[in-house]
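Trainee: Sharing a sequence plus its predicted fold:
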Amino acid sequence: GQQVMQIPQYQHVQEGEDFTTYCNSSTTLSNIQWYKQRPGGHPVFLIQLVKSGEVKKQKRLTFQFGEAKKNSSLHITATQTTDVGTYFCGGGNKLTFGTGTQLKVEL
Amino acid sequence: GAVVSQHPSRVICKSGTSVKIECRSLDFQATTMFWYRQFPKKSLMLMATSNEGSKATYEQGVEKDKFLINHASLTLSTLTVTSAHPEDSSFYICSARDAGAPNNEQFFGPGTRLTVL
């Protein structure tokens, strides 16, 4: 079945540093969605990408969808403590989630 | 944005009892709801897809007789963990897709933490 992997599994950064998480699917995805889950909370939708090679920005967050529609990335510029949480990618109609990347931001 | 509620938020039960978890879409109609299970510091594992008015579709390895799903209306889906055992202890999260939304965004409930003693 479809598998979605994310790397890295954990990332500690100093506030102000950049952060990137990568999402790789074993199969081509019709779409890719990104969610953020704060500690103790539930996943919250960030964005959806549909087109091959698509790039979308939300303030300090940049999302990319690969040309082959099998991988995606989320890049955060100048991280802040409010960025702490686990970032999940998910794709396909049934939204198979990736393994997640847990981000910790230290002052 | 759309809101999904879950009840109860936390439940502790004895081994062998059954527990029902409700998932409601509060301000939209959800023809499809999803049930996930999440272990500590792990990803969300899709258990089943709940379709209003029809039988749920279970993922491989998920026992349908163990995890009963009923999608009685366009705003309510229930998950019943039957004869719960300690290994069923987990965080259960539902999500709903708004058929009228412009994208495939899923709205997640706050989750239910089940502890089976």
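Mentor: Nice, thanks for sending it over.

Trainee: Give me every residue in chain B lying close to chain A.
Mentor: Selection of chain B residues close to chain A by C-beta under 8 Å from any C-beta of the partner chain yields B:34, B:36, B:41-46, B:49, B:60, B:93, B:95, B:103-111. Every C-beta, even on glycine, is put in place using the N, C-alpha and C of the backbone.

Trainee: and the gap between the residue nearest to residue B:66 when sequence neighbours are not counted and residue B:18?
Mentor: Closest residue in space to residue B:66, ignoring its immediate chain neighbours: residue B:82 at 5.9 Å, by C-beta to C-beta, 6 or more residues apart in numbering or on different chains. Distance, residue B:82 to residue B:18, by C-beta to C-beta, to the nearest Å: 5 Å.

Trainee: Those two - which one has more neighbours?
Mentor: residue B:82 (15 against 11; other C-beta atoms under 10 Å in any protein chain shown).

Trainee: need the contact list for that one.
Mentor: Contacts for residue B:82 (C-beta atoms under 8 Å, 6 or more residues apart in numbering or on different chains) come out as B:18, B:65, B:66, B:67, B:68.

Trainee: between the residues you listed, which is closest to residue A:9?
Mentor: residue B:67 (27.7 Å; C-beta to C-beta).

Trainee: if I look at that closest one, how far off is residue A:55?
Mentor: Using C-beta to C-beta, residue B:67 is found at 39 Å from residue A:55.

Trainee: any weak-confidence spans in the chain?
Mentor: Just so you know, I chose chain A. Judged against pLDDT under 70, chain A has no low-scoring part.

Trainee: Sorry, I should have been clearer: chain B.
Mentor: Applying pLDDT under 70 to chain B flags the ranges B:1, B:103.

Trainee: sorry, back to before: who has more neighbours out of residue B:67 and residue A:55?
Mentor: residue B:67 (20 against 11).

Trainee: Could you give the bridge partners of that one?
Mentor: Residues in a beta bridge with residue B:67, per DSSP bridges, are residue B:81.

Trainee: isn't it right up against residue B:45?
Mentor: No - counting by C-beta atoms under 8 Å, residue B:67 stays clear of residue B:45, with 11.9 Å between them.

Trainee: what's the overlap in contacts for the two?
Mentor: In contact with both residue B:67 and residue B:45: no residue, using C-beta under 8 Å, 6+ apart.

Trainee: burial count for residue B:35?
Mentor: 27.

Trainee: Where does residue B:12 sit, in terms of helix or strand?
Mentor: strand B:10-13 (DSSP states H and E).

Trainee: List the neighbouring strands of that strand plus their orientation.
Mentor: strand B:112-116 (parallel).

Trainee: Just the CA atoms from the strand it pairs with would do, formatted as CSV, please.
Mentor: These are the backbone C-alpha positions of strand B:112-116, laid out as CSV (Å, rounded to 0.1, in the frame of the first residue of the first chain):
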residue,chain,number,x,y,z
THR,B,112,-10.4,11.3,22.7
ARG,B,113,-7.8,9.7,24.9
LEU,B,114,-8.8,6.2,25.9
THR,B,115,-7.2,4.4,28.8
VAL,B,116,-8.2,0.8,29.4
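
Trainee: where's it relative to the chain centroid, distance-wise?
Mentor: With C-alpha atoms, centre = their mean, to the nearest Å as the basis, strand B:112-116 stands 12 Å off its chain's centre.

Trainee: Identify all contacting residues around that strand.
Mentor: Outside strand B:112-116, the residues touching it (C-beta under 8 Å, 6+ apart) are B:6-15, B:19, B:21, B:81, B:84-93.

Trainee: go on, stretch B:55-68?
Mentor: Outside stretch B:55-68, the residues that reach it (C-beta under 8 Å, 6+ apart) are A:1, B:35, B:45-51, B:69, B:71, B:79-83, B:88.
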